[in-house]
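Undergrad: Build me a model:
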Amino acid sequence: MKKNLIIAVLCFLMINCLAQEKFILSGTVPPAFNNLAISLLIKDDIGRYTEQTFTKTVKDGKFLFGGTLDNPTKNTIIEIQKGKEKKYLLHFSLDTGLNELSIKIKDSTNRILSIAGKLSLSNIIRGKLDSLRRAVIDAYRAKNRLAQSSVALPVQEGHQLDLDMLKVIQQYPDNYYALTRLYQLSKHITMLNYGELIIIALNSFSKHLQSSQLGIEILENQTRAATATQASRIGRQMFDFELKNVLDGKVLSNKDLANRPYILAFSATWCIPCHEQLPTLKAIYEKYKGNGLEVVYYNQDDNFKEWDEDVRKNNLTWRSISESKSPNSLGMKLAVHYIPTYLIVNKNGLIIYNSDQMDVSLKLLEDYIKKAF
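TA: Residues are numbered from 1 along each chain as shown. This is a model prediction of the structure:
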């Protein structure tokens, strides 16, 4: 028994070692950074969480890091602390094998660093995509005379930017970094058929990258998203669901709403547009509840206590549900990625209205309520 356990542990360690590939990162920095601490932060595939951190000291304007990566390319940040000032930052792509960087100061005011000289293919792709995004945002700022550097693009401009970025990504079917950027794009859905477009882009990659762990995850996520999009389309029969409210443990089934029209209203405590549209929804509910209209007010985040307080503060007398977040939550099954989103299900159980697909401003909400009886 003990022998079998040792063999299993050795096999596990061997598999992990085989999955890891070595990297070496050497580079130079301006003399102003001599003898300062320089840190290398290796991020996850979406660039959100730090998986590894290395810290060295700059000597004679040079630094050297070494280690292992679990993928051919990782999102990475160089940080250099100078005095009490904020850190100087460089975002770049770290590849397995040998990496050589010549780092320059790009913007001393905002403490932004840049890479000088020859770039790896991963960093060339990164530069193209980031420049494309920056150009679109700058053009939008100039057109609308906006002073702030960070802005959220309107829906249409955001859609077009994503389409343009997909075109760039598909030009590099053998590059793992391009696949990571496809993964990042796939994590936010910006249009109704976006899942299908992500799958088309994935199919342009080499078979090797399609069958990688990241490629498989993209395919699984987008296949699930495409199925959810189909399930929420107007004219589809609402599938059976049961929702367990974490606040009181009560279960609500769509069978409890049989033969009555209802609104599925997806909201959250932090959602400003949700609160702005709440009076409209309340007025419609008060007007038609006597005819049998139901509202299922669904919490899209995990702030259960704040949600309960919000329901009480706004005196919401309809059915309010907080479900634990999971891939099997109602919002995920109905491809709800933006809030507020409202669906109207008529008395026969058919979806006749989806605000995401047809009416973001809710101008047609009451018209379709009348058709639901």
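Undergrad: tell me what the helix or strand harbouring residue 264 is packed against?
TA: Using DSSP states H and E, residue 264 falls within strand 262-267. Packing partners of strand 262-267 (3 or more C-beta pairs under 8 Å, 6 or more residues apart in numbering; DSSP states H and E): helix 272-288, strand 294-299, strand 341-345. (C-beta placed from N, C-alpha, C; glycine too.)
Undergrad: List the contacts of the top strand by length along the chain.
TA: Longest strand in the chain, counting residues (DSSP state E): strand 97-107. Outside strand 97-107, the residues that touch it by C-beta atoms under 8 Å, 6 or more residues apart in numbering are 21-30, 32, 78, 88, 90, 92, 112-117, 120.
Undergrad: Tell me where the model's unsure across the protein.
TA: 1-19, 189-192 (pLDDT under 70).
Undergrad: Point to the residue nearest the middle of it.
TA: Among the residues of the chain, the one closest to the centroid is residue 187, at 3.7 Å (C-alpha atoms, centre = their mean).
Undergrad: Tell me the spacing between that one and residue 205.
TA: Residue 187 sits 17 Å away from residue 205, going by C-beta to C-beta, to the nearest Å.
Undergrad: What ranges does the stretch 151-300 of the chain have for its helices?
TA: For the stretch 151-300 of the chain, applying DSSP state H, counting those that start in this stretch gives helices covering 155-169, 176-186, 194-203, 207-210, 213-231, 272-288.
Undergrad: which helices and strands sit right next to the first one?
TA: Yep, that's helix 155-169 we're talking about. Contacts defined by 3+ C-beta pairs under 8 Å, 6+ apart place helix 155-169 against helix 121-143, helix 176-186, helix 194-203.
Undergrad: How about the contacts made by the nearest residue in space to residue 166 that is not next to it in sequence?
TA: In space, and not counting its chain neighbours, residue 166 is closest to residue 201: 5.2 Å by C-beta to C-beta, 6 or more residues apart in numbering. Counting by C-beta under 8 Å, 6+ apart, residue 201 touches 166, 169-170, 182.
Undergrad: Name the nearest of the residues you listed relative to residue 354.
TA: The closest of those to residue 354 turns out to be residue 166 (C-beta to C-beta; 24.4 Å).
Undergrad: now the closest one: how far from residue 217?
TA: Noted for residue 166: a distance of 18 Å to residue 217, by C-beta to C-beta.
Undergrad: More neighbours: which of these two?
TA: residue 166 (18 against 13; other C-beta atoms under 10 Å).
Undergrad: quick one: the more buried one and residue 186 touch, right?
TA: No: using C-beta atoms under 8 Å, residue 166 is not in contact with residue 186; the gap is 10.0 Å.
Undergrad: tell me the most buried of the helices and strands packed on helix 155-169?
TA: The highest mean neighbour count among the helices and strands packed on helix 155-169, using mean count of other C-beta atoms under 10 Å, belongs to helix 176-186: a mean of 23.
Undergrad: which residues are in contact with both of residue 166 and residue 186?
TA: Joint contacts of residue 166 and residue 186 (C-beta under 8 Å, 6+ apart) are residue 198.
Undergrad: mind giving me the domain ranges of this structure?
TA: 20-118, 127-230, 242-371 (automatic domain parsing).
Undergrad: Between the two ends of the longest one, how far is it?
TA: With C-alpha to C-alpha, to the nearest Å as the measure, the ends of domain 242-371 fall 25 Å from one another.
Undergrad: circling back: which of the contacts of residue 201 sits closest to residue 158?
TA: Taking C-beta to C-beta as the measure, residue 158 lies nearest residue 166 of the contacts of residue 201, at 12.8 Å.
Undergrad: Look up how far residue 249 lies from that closest one.
TA: Applying C-beta to C-beta to residue 166 and residue 249 gives a distance of 44 Å.
Undergrad: returning to what we had before: okay if I get the domains of the chain as a markdown table plus distance to residue 236?
TA: As requested, those are exported to a markdown table (distance: least, C-beta to C-beta, whole Å):
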| stretch | distance to residue 236 |
| --- | --- |
| domain 20-118 | 31 |
| domain 127-230 | 7 |
| domain 242-371 | 5 |
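Undergrad: Tell me the one among the contacts of residue 201 nearest to residue 277.
TA: Closest approach to residue 277 among those (C-beta to C-beta): residue 166, at 31.4 Å.
Undergrad: so what's that closest one up against?
TA: The contact partners of residue 166, taken as C-beta under 8 Å, 6+ apart, are 182, 185, 197-198, 201.
Undergrad: want to try a markdown table for those residues, with distance to residue 83 as columns?
TA: Compiled in a markdown table, those are given as follows (distance: C-beta to C-beta, whole Å):
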| residue | distance to residue 83 |
| --- | --- |
| 182 | 40 |
| 185 | 38 |
| 197 | 47 |
| 198 | 45 |
| 201 | 45 |
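Undergrad: Out of these, which two sit at the greatest distance?
TA: Distance extremes for the contacts of residue 166: the farthest pair is 182 and 197 at 10.4 Å, using C-beta to C-beta.
Undergrad: before we move on, back to that, output the helices and strands packed on strand 262-267 in JSON lines, with mean neighbour count and distance to residue 319 appended to each entry.
TA: Formatted as JSON lines, those follow (neighbours: other C-beta atoms under 10 Å; distance: least, C-beta to C-beta, whole Å):
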{"stretch": "helix 272-288", "mean neighbour count": "15", "distance to residue 319": "11"}
{"stretch": "strand 294-299", "mean neighbour count": "23", "distance to residue 319": "5"}
{"stretch": "strand 341-345", "mean neighbour count": "23", "distance to residue 319": "13"}
